Structure formats: structure tokens, C-alpha cells
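In: Okay, sequence plus prediction incoming.
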Amino acid sequence: MEFVWFLVIGAVAGWLAGTLFKGSGFGLLGNIIVGILGGFLGGWLAGLLGVSIGGIIGQLVIAALGAVVLLWVVSLVKRK
């Protein structure tokens, strides 16, 4: 069941990041991938900064922020 929540949070975080950054996301599979990678990146960055947010909403916020950072880095690479 945790894996299903992991996918749901990843999909929502990817959708949020796509909406916040620009555009409307990458479709369901793309959103899940961006959200999951963003979750790892956000968790890593939060750990470096000493930020700890619990619960599903906290996980969603961290994953969405990580996905926004990931999209920002991808946009920098695409421009070159």
C-alpha cells in the first residue's frame, strides 16, 4: 500500500511542479517520474537544510518543491 501512496504523491507532486513551473505537466507517467525524482531531490535538499515536515501533505510539499527544482535544472540544460 505504501508503494501506491508513493505513486499518488509522485503524480500529484509532478503535476503541481508542472503547473507551478510552467506548462501543464508531462502526462500521467511523466508526472509520476518527475514527482518521484523530485521527491528524492526534495528529500535530499530538505535533509541538507535540516527541514523536517511530516505527514502526507509534508511529503507532497517536499516532493513538489524538489520537482520544481528538477524542472528548473532541466530547463537550464535544455537552453544550452
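Out: Thanks, I have the structure now.
In: So for the longest helix anywhere in the chain, mean pLDDT?
Out: Ranked by residue count and defined by DSSP state H, the top helix of the chain is helix 55-79. What helix 55-79 shows for mean pLDDT is 84.
In: How about stretch 16-24?
Out: For stretch 16-24, mean pLDDT is 75.
In: CA atoms only for that stretch, dumped as CSV, please.
Out: Backbone C-alpha positions of stretch 16-24 (Å, rounded to 0.1, in the frame of the first residue of the first chain) are rendered in CSV as follows:
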residue,chain,number,x,y,z
LEU,A,16,1.9,20.6,-9.2
ALA,A,17,5.5,21.2,-10.3
GLY,A,18,4.5,21.3,-14.0
THR,A,19,1.7,23.7,-13.2
LEU,A,20,3.8,25.9,-10.9
PHE,A,21,6.9,26.0,-13.1
LYS,A,22,5.2,26.4,-16.5
GLY,A,23,3.1,24.3,-18.8
SER,A,24,0.6,21.6,-17.8
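In: got the contact list for it?
Out: Residues lying outside stretch 16-24 but in contact with it, judged by C-beta atoms under 8 Å, 6 or more residues apart in numbering, are 25-26, 31, 34-35, 38, 60, 64, 67-68, 70-72, 75. Just so you know, the C-beta spots here come from the backbone N, C-alpha and C atoms, and that holds for glycine as well.
In: Need the max-distance pair from these.
Out: Distances among the contacts of stretch 16-24 were taken as C-beta to C-beta; the most separated pair is 60 and 75, at 22.2 Å.
In: Compare these two (neighbour count), which wins?
Out: residue 60 (20 against 11; other C-beta atoms under 10 Å).
In: Would you mind measuring from residue 19 to residue 79?
Out: Using C-beta to C-beta, to the nearest Å, one obtains 21 Å as the distance from residue 19 to residue 79.
In: Tell me which of the two has more neighbours.
Out: residue 19 (14 against 6).
In: Quick check: buried residues in the helix or strand residue 44 falls within?
Out: Counting by DSSP states H and E, the secondary-structure element that holds residue 44 is helix 27-49. Of the residues in helix 27-49, those buried under the neighbour-count criterion (16 or more other C-beta atoms under 10 Å) are 31-39, 41-42, 46.
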